[in-house]
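In: Generate coordinates for the sequence data below:
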Amino acid sequence: MPRIRKIVTLTDELLSEPGGPSITPTRRVAAAAVLTNPWAGLPVGADLGTDSAEAAARLAVCLTERLLAPLGGPTGLQAFGKGAVVGVDGEIEHGAALIHTPYFGNLFRELVQGTSIIAFADERSAPGAPLTVPMWHKTEAATRSHYQTVQVKIADAPRPDELIIIAAGAAGPRPHPRIGDRTTDARIGLKDMEHAL
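Out: Sure, this is the predicted structure:
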């Protein structure tokens with residue numbers, strides 16, 4: 001298991017939109033682990049599979065526990081997402097080896113009682129760079145009201161030989177959602193919109 005240097009939990013609670021009335025607070029949370037990149041310095045293309053399964057599973061459990069605490073448990077989470085930030089000495093594939101596997105994704109999904117594919121973002125960057133993690137509904141991914149993001153920024157991470165692995169969730173939809181739903185949209189193509197192009 002790679003050494004975890006720190007775990008950061010961020011909570012963003014939106015109380016109103018600019019100029020609008022107060023709303024039921026929308027809470028968005030991200031739990032992020034900063035850990036040593038076990039593959040930093042290896043040749044590009046080196047095998048990643050043998051080391052990733054156990055680490056990904058432990059990270060999924062550790063981060064989901066911290067994510068769910070401020071949301072009140074699995075029933076308090078409606079939307080979810082995941083992310084990875086790779087320090088500059090690593091390959092972008094190093095983050096993928098931990099978040100894009102059943103060892104992380106399936107466990108995360110099971111712990112929050114979800115069924116959707118999990119929205120994601122990954123990037124390689126210097127310490128302090130933000131990563132905007134997308135989220136959508138945990139069981140109804142086509143429900144546009146839950147398309148939203150949460151931004152994660154850790155001032156001293158990732159160092160060149162580190163990774164940040166993130167689990168994110170929201171307690172509800174965006175404020176004032178009103179742009180319809182993909183399952184009920186009219187079928188629109190270029191021909192239908194020729195008059196406007």
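In: residues in contact with the most centrally placed residue in the chain?
Out: Geometric centre of the chain, nearest residue: residue 82, 2.2 Å, by CA atoms, centre = their mean. For residue 82, the contacting residues are 99, 104, 105, 108, 118, 119, 120, 133, 165, 166, 167, 168, by CB atoms under 8 Å, 6 or more residues apart in numbering. C-betas here are computed from N, CA, C, even on glycine.
In: what lines up beside the strand or helix carrying it in the sheet?
Out: Per DSSP states H and E: residue 82 is located in strand 79-86. The pairing partners recorded for strand 79-86 under DSSP bridges are strand 119-124 (parallel), strand 131-137 (antiparallel), strand 162-170 (antiparallel).
In: For the longest helix seen in the chain, could you pull out the residues that count as buried?
Out: Ranked by number of residues, the top helix in the chain under DSSP state H is helix 49-68. By neighbour count on 16 or more other CB atoms under 10 Å, the buried set for helix 49-68 is 52, 55-60, 62-64, 66-68.
In: likewise stretch 67-81?
Out: 67, 68, 70, 71, 76, 77, 78, 79, 80, 81.
In: Could I get the pLDDT score of the last one?
Out: Read it as residue 81. On the pLDDT scale, residue 81 is placed at 98.
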